[in-house]
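**Q** Give me a 3D structure for the following:
(one chain, ligands or ions: 1)
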Amino acid sequence: MRVDVVSIFPDYLAPLDLSLAGRARAAGLLEVRVHDLRDWTHDRHRTVDDTPAGGGAGMVMKPEPWGEALDEVLGERSTLVVPTPAGRPFDQATARELATREHLVFACGRYEGIDQRVVDHYASRVEVREVSIGDYVLNGGEVAALVVVEAVARLLPGFMGNAESLAEESHEDGLLEYPVYTKPASWRGHDVPPVLQSGDHGAIAAWRHDAALRRTAERRPDLAHPARLVGHGGVELV
Ligand code: SAM
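**A** Here you go, the predicted model:
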């Protein structure tokens, strides 16, 4: 997969050069390029923003530098990802979908966001996904781009050493993952649940399933479809 990120703060994307991209690059799975939007400006001040049409507070990112940048960076088969708090919620299903694409291009907004005509224009040329990483407002799209790239990259076939660990993770099956433990068996008076030390694989699987159901019902009732909330032996966990 190829990933291009366009931002006015390219240094913000430095973590992409660290472990994630490094590992994925070494494995030949991911190629990442970060671009400075200001490289596509033509005035002395390298201006990327202007006052909002219709008035109001703040500044809006001008369409011209974005148009020049995206004309250059997007290909015919690219997917343009635009982080915005007004986007559709980014979730594991979206990460799975994006992991099937060959080229993701991130347009990181700042200020009050990017002139909407940029999204409208490219929507007729390529797949465009406006995504929100949560119901809060960040200063810019860079952190959101890092979140999306990391969630997607770890789903690329061959990225995770142990693909099985992906299948059991939170949100993969619509449930939060069960609590996990390691050695020692007792720590500061807290014990690993005895069933996990029983060696009985059936009992362990049943305990984990019930624990995942209970956790989901308690913490994320919005995810907890009633049909899923029946534990082993038909026990109602809500
Ligand atoms: N005026 C915009 C609104 O109310 O929807 C908020 C703009 S925000 C201050 C600046 C940029 O941060 C956005 O263009 C977007 O790139 C990014 N951003 C902020 N919150 C985000 C979120 N929850 N998810 C994804 N991107 C976000």
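**Q** Helices of the protein, residue ranges please.
**A** Using DSSP state H, the helices assigned to the chain run over residues 19-26, 63-73, 92-98, 116-123, 142-153, 163-167, 201-219.
**Q** quick one: the residue nearest the centre of the chain from the ligand, how far?
**A** Closest to where the C-alpha atoms of the chain average out (Cα atoms, centre = their mean) is Val148, at 2.6 Å. With distances taken as Cβ to the nearest ligand atom, to the nearest Å, Val148 is found 9 Å from the ligand. For glycine as for every other residue, the C-beta is placed from the backbone atoms N, C-alpha and C.
**Q** before we move on, what about Arg129?
**A** According to Cβ to the nearest ligand atom, Arg129 stands 11 Å off from the ligand.
**Q** my guess is that residue contacts Arg88, does it?
**A** Yes. At 7.5 Å, Arg129 counts as touching Arg88 under the criterion of Cβ atoms under 8 Å.
**Q** Looking at these two, which is more packed in?
**A** Looking at Arg129 and Arg88 with other Cβ atoms under 10 Å, you find the greater number of neighbours at Arg129, namely 20 against 11.
**Q** Now do that one, the pLDDT please.
**A** Here, the pLDDT recorded for Arg129 equals 98.
**Q** got the contact list for the residue nearest to the centre of the chain?
**A** With contacts taken as Cβ atoms under 8 Å, 6 or more residues apart in numbering, Val148 has the following neighbours: Val81, Pro83, Phe90, Ala95, Leu98, Leu104, Phe106, Val131, Ile133.
**Q** Then Arg23?
**A** Listed by Cβ under 8 Å, 6+ apart, the contact set of Arg23 reads Phe159.
**Q** quick one, what contacts Val126?
**A** Neighbours of Val126 in contact, by Cβ under 8 Å, 6+ apart: Leu74, Glu76, Arg77, Ser78, Thr79, Leu80.
**Q** I'd say the fourth one and Ala107 touch.
**A** Spelled out, that is Ser78. No. Taking Cβ under 8 Å as the contact criterion, Ser78 and Ala107 are not neighbours in contact, 11.2 Å apart.
**Q** more crowded one of these two?
**A** Each of Ser78 and Ala107 has its neighbours counted (other Cβ under 10 Å); Ala107 has more, 28 against 21.
**Q** ok, the more buried one to His190 distance?
**A** Going from Ala107 to His190 by Cβ to Cβ, to the nearest Å gives 47 Å.
**Q** Thanks a lot, catch you later.
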